[in-house]
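Peer 1: model the structure of this input:
(2 chains)
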Amino acid sequence: MKDPEAREEPSSGAKIGLPGFKVRKIEEEVYEVFIGPQHPGSGHMRLITRIDGDVIVDIDPDIGYVHRTMEKLAEGREYIKNIPLFERMAIHDACNVTVPYVRAVEKLLGVDPPPRAKYLRSLLCEINRIAAHLYGFGIMGIFIGHSTMYMWSFGDREVFIDLAERLTGARQTHSYPVFGGVKRDMPQGFPEMARKAVRYMRKRLPEYEKIFFENPVVRDRLEGVGVIPRQVAAELGLVGPTARGSSIKYDARLAEGYDAYPELDFEIPVYTEGDSLARTYVKIEEIKQSLNIIEQCVSWLETREREAPMHPKFWEKSPPLWKKVYQETGRIKLLPIFASLKVPPGRAVARGETARGEIIYYVESDGSTKPYRVRIVSPSFRNLPVFKYIVPGHRVMDLPAIYGSIDYFPPEADR
Amino acid sequence: MSLLQLLLDIVFYPPIFQVLVVGLIVSLIIVVITIWFERKAAARVQRRLGPYHVSPQLGGLLQPLADLVRYAFQEPIIPRTVDAAIFVVAPVVAAVLSIIPLGAVPFTSNPAYWPIPMENSLLIALALSTVAPLFIVLTGWASNNKFAVIGGVREAFMITAYELIAIVAMLAPAATLSTFNMVDIVEAQASLTWFILLNPLAFIAAFLAVVMSTSGFPYEIPESENEVVAGPYSEYSGILYGVNMGANYLRRFALSILIAILFLGGWLPVQPGDGLVAGYLIPTIVVLAKALIVMLVASFLRAVYARFRLDQALEGAWKYVFPLALIGLGLGIIENLLL
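Peer 2: Numbers count the residues shown, from 1 in each chain, chains lettered A, B, ... in the order given. As a prediction, the model looks like this:
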């Protein structure tokens, strides 16, 4: 292996004056470490870190290892087939990720789902949100060496995955929302199951705090680490719990008021510290809020008759037998009309709040059965630049703590 | 008969018995039990089963042995870029040196079964226990891998932090009794009381030093997976990795025996008598059982704590644990004046 000191400075590099192209002098005392993509603590990306002693002086997140050209793929598929595609961005957060796409297409179609469908969507969104936050806790726990948190939160996440399975028939990629409605109604016995899960999680959260969040070692690792000042968070356009941990009260559920959220009673937890611990506490509070929302949705759905799970425009075209089956069991077959659904020409934008922050879809239609263009701005991608601004100056061992608290998810960012 | 006698004489010749039989064979059993307990206890805390499928009747006790067999038959890859000689030799030397302190430790008060004269045995044992960690640093350097080098440097930092603590804390009983003779220290605990009660501060410092020295949680820093892959052992595979991993446990075992003798009353309450069984085997088993308890407690910390940051661990060690060890030593001196 060649000695790094013996390398010459690139001579031609300085001439390339491209904006954003940075030529870096190789310093003698700086140790360049490529963390990832084949690394237990990097995820599907590479962190090019430059280390001086134990302090990170510079970090370059090098992303794109799981880029799947989703936007381009979407142009070659019928509208309905894009829902399972976009779910692959964050499979444990499937409903949250696809609802804004469905809503954008609904805007083009000029349909609005019936209230029952809206409540069902919000119900699954919150179940997903809890599962995704628990996933984030688990990853963060193992990042800072706390295997108990990892096992606990992944085990308890199963409760909510089961709940989603009972509701939709699939553990993770539910493909639940469809244009103008949802794919399935609440089954028999679901409200009891949901309430049981909510009670269970309320009992578990204090135990989490005892073993993890109040654990002196964990607090030492998270408190005051990776502080994002409010100003920086605003300038970088951060979203989700990362922004709310830096006292920015922004949540697409409030800003956009989609689905059943305007009618539901919930709060947006905000912390002012801006450090890793604050970002984590935002997620805990969000889980508590989501549990409340699940209870509200379930009681709303329970007390009302099953009318129609879909907008009348589609529902009226379904055969009478299907309607009968729906009334009895809550199950629906996917209407064949979606297979060749022509969407009127136009452009629509919709956003929604996933577990990691705000996701934006821009859908452009030319009147055919396939979208002309779909543009996705995902929350992890928007939170990514913060690495470059926050991590330098921290110790090498702070990197997993910051990474875990930002809850960066490469498949979602790369799309 | 004479052949059997000869064999027994060879096997129970104290230096051979303590270093080879206890150090290599018994320690293997104890390491297996410790790893099994570490996994099983963590699994119980984390609401899962833990090792199970290898020997379900024993609750998966043989899983570490199965792992050992797997390591033994895996291809040990020696990358072209490493310093091959040191790369291979360093872990082996580290493992061997880890058990060398056992050669200076008394397992009985019967002078016939001392491996060495016991006048300065505590100093000798402590001195021998400080050699092995250097070779872990060496494995990191020989690997020629950035993660391994960082891990090796971290290990070096940790050595500077815990070694002094371990020595100062373990000298506290010697200060109380004005002797470096470990047999006298154990005998004194019979008339007074165990040093864990006489000098709890020194015991806590010594215990923390043991945890730190063997990269146990919350000090699992040199091998911290999420920054440095496997630290100094990143490039190792197969049996060499197994030796590396085992060396850590062997070191913890040797230091646990020291703690058992200095603070937990050694072979007490058993009074070694004459003959092989009463004078040597039974006291040895008592000492090993106490050392095993120390190891199990140290490994249970994995289920409770995350790992400290390197600077926090060093700060904690120098700012709090080292003064604690000094106070323990001071307490030992005061007790010496009072006795």
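
Peer 1: ok, the most centrally placed residue in chain B - contacts?
Peer 2: With distances taken as Cα atoms, centre = their mean, B:R252 lies nearest the centre of chain B, 1.9 Å away. With contacts taken as Cβ atoms under 8 Å, 6 or more residues apart in numbering or on different chains, B:R252 has the following neighbours: B:T34, B:V210, B:S213, B:T214, B:G216, B:M295, B:A298. The C-beta positions use only the backbone N, C-alpha and C, and glycine is treated the same way.

Peer 1: go on, A:I80?
Peer 2: Applying Cβ under 8 Å, 6+ apart to A:I80 gives the contacts A:V178, A:F179, A:L334, A:F338, A:A339, A:L341.

Peer 1: pLDDT score for it?
Peer 2: pLDDT recorded at A:I80 is 89.

Peer 1: make sure it is indeed in a strand.
Peer 2: No: when classified by DSSP: H, G, I helix; E, B strand; the rest coil, A:I80 is found to be helix rather than part of a strand.

Peer 1: what residues does the stretch 1-150 of chain A put near chain B?
Peer 2: By the criterion of Cβ under 8 Å from any Cβ of the partner chain, the positions of the stretch 1-150 of chain A lying close to chain B are A:1, A:31, A:33, A:35, A:39-41, A:51, A:54, A:141-150.

Peer 1: so which of these are in helices?
Peer 2: Helix and strand membership here follows DSSP state H; of the residues of the stretch 1-150 of chain A next to chain B, those in helices are A:G141, A:I142, A:F143, A:S147, A:T148, A:M149, A:Y150.

Peer 1: follow-up on the earlier one: just the closest of the contacts of B:R252 to B:L138, please.
Peer 2: Within the contacts of B:R252, distances to B:L138 taken as Cβ to Cβ reach their minimum at B:S213, with 16.3 Å.

Peer 1: the closest one contacts B:E163, doesn't it?
Peer 2: Yes: in this structure, B:S213 sits in contact with B:E163. The criterion is Cβ atoms under 8 Å, and the distance is 7.5 Å.

Peer 1: give me the common contacts of the two.
Peer 2: B:P133.

Peer 1: contacting residues for residue 40?
Peer 2: As the question left the chain open, I've gone with chain A. For A:P40, the contact set (Cβ under 8 Å, 6+ apart) comprises B:E225, B:N226, B:V229.

Peer 1: wait, chain B was what I had in mind.
Peer 2: B:G50, B:P51, B:G59, B:G60.

Peer 1: B:L177 and B:E187, how far apart?
Peer 2: 9 Å (Cβ to Cβ, to the nearest Å).

Peer 1: more neighbours: which of those two?
Peer 2: It is B:L177, of B:L177 and B:E187, that has more neighbours when counted by other Cβ atoms under 10 Å in any protein chain shown, with 20 against 16.

Peer 1: just to revisit the earlier point, just the buried members of the contacts of B:K40?
Peer 2: Neighbour counting with 16 or more other Cβ atoms under 10 Å in any protein chain shown marks B:G50, B:P51, B:G60 as buried within these.

Peer 1: related to what we said a few turns ago, more crowded one of B:S213 and B:E163?
Peer 2: Between B:S213 and B:E163, B:S213 has the larger neighbour count (other Cβ under 10 Å), namely 26 against 17.

Peer 1: how close does the more buried one sit to B:A206?
Peer 2: As for B:S213, its distance to B:A206 is 10 Å (criterion: Cβ to Cβ).

Peer 1: what sits in contact with each of those two?
Peer 2: Shared contacts of B:S213 and B:A206, defined by Cβ under 8 Å, 6+ apart, are found at B:A166.

Peer 1: dump the residue contacts of the residue in the stretch 151-300 of chain A positioned nearest to chain B.
Peer 2: Nearest residue of the stretch 151-300 of chain A to chain B, counting by Cβ to the nearest Cβ: A:M151, 3.5 Å away. Neighbour list for A:M151: A:G138, B:Q46, B:R47, B:R48 [criterion: Cβ under 8 Å, 6+ apart].

Peer 1: re the thing from before, can you redo the contacts of B:R252 as TSV with pLDDT, secondary structure and distance to chain A?
Peer 2: Written out in TSV, the entries for the contacts of B:R252 read as follows (pLDDT from 0 to 100; DSSP: H, G, I helix; E, B strand; the rest coil; distance: Cβ to the nearest Cβ, whole Å):
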residue	pLDDT	secondary structure	distance to chain A
B:T34	85	helix	17
B:V210	87	helix	18
B:S213	82	helix	18
B:T214	79	coil	15
B:G216	76	coil	11
B:M295	87	helix	19
B:A298	86	helix	15
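
Peer 1: nearest to B:L134 among those residues?
Peer 2: Nearest to B:L134 among those: B:S213, at 12.3 Å, using Cβ to Cβ.

Peer 1: identify the residues contacting that closest one.
Peer 2: When contacts are counted by Cβ under 8 Å, 6+ apart, B:S213 is found next to B:P133, B:M158, B:I159, B:Y162, B:E163, B:A166, B:R251, B:R252, B:L255.

Peer 1: the longest helix in chain B is where?
Peer 2: With DSSP H as the criterion, chain B gives helix B:146-177 as its longest helix.

Peer 1: give the buried residues for that helix.
Peer 2: Buried residues in helix B:146-177, defined by neighbour count with 16+ other Cβ under 10 Å: B:146-159, B:161-177.

Peer 1: could you list which of these also contact chain A?
Peer 2: Counting by Cβ under 8 Å from any Cβ, the subset of the buried residues of helix B:146-177 that neighbours chain A consists of B:K146, B:F147, B:I150.

Peer 1: could I get the pLDDT score of the nearest residue to B:L339 once chain neighbours are set aside?
Peer 2: What sits nearest to B:L339 in space, not counting adjacent residues and going by Cβ to Cβ, 6 or more residues apart in numbering or on different chains, is B:T176, at 7.1 Å. The predicted local distance difference test score for B:T176 is 86.

Peer 1: kindly report the same for B:F73.
Peer 2: At B:F73 the predicted local distance difference test score is 88.

Peer 1: please report how far it lies from A:G169.
Peer 2: Distance from B:F73 to A:G169, by Cβ to Cβ: 45 Å.

Peer 1: pick out whichever of those two has more residues nearby.
Peer 2: Between B:F73 and A:G169, counted using other Cβ under 10 Å, the more crowded position is A:G169 (14 against 9).

Peer 1: for A:R373, what are phi and psi?
Peer 2: When read as degrees, to the nearest 10, the backbone of A:R373 gives phi -160, psi 140.

Peer 1: that one: neighbouring residues, count only.
Peer 2: A:R373: 14 surrounding residues under other Cβ under 10 Å.

Peer 1: now do A:T69
Peer 2: There are 10 residues near A:T69, going by other Cβ under 10 Å.

Peer 1: give me the low-pLDDT residue ranges for chain A?
Peer 2: Applying pLDDT under 70 to chain A picks out residues A:1-26.

Peer 1: how close does A:I59 get to chain B?
Peer 2: A:I59 sits 13 Å away from chain B, taking Cβ to the nearest Cβ, to the nearest Å as the criterion.

Peer 1: one more: A:E307?
Peer 2: Counting by Cβ to the nearest Cβ, the gap from A:E307 to chain B is 42 Å.

Peer 1: host element of the residue lying closest to that residue once chain neighbours are set aside?
Peer 2: Spatial nearest neighbour of A:E307, chain neighbours left out: A:R116 (6.1 Å); criterion: Cβ to Cβ, 6+ apart. If you go by DSSP states H and E, A:R116 is part of helix A:115-143.
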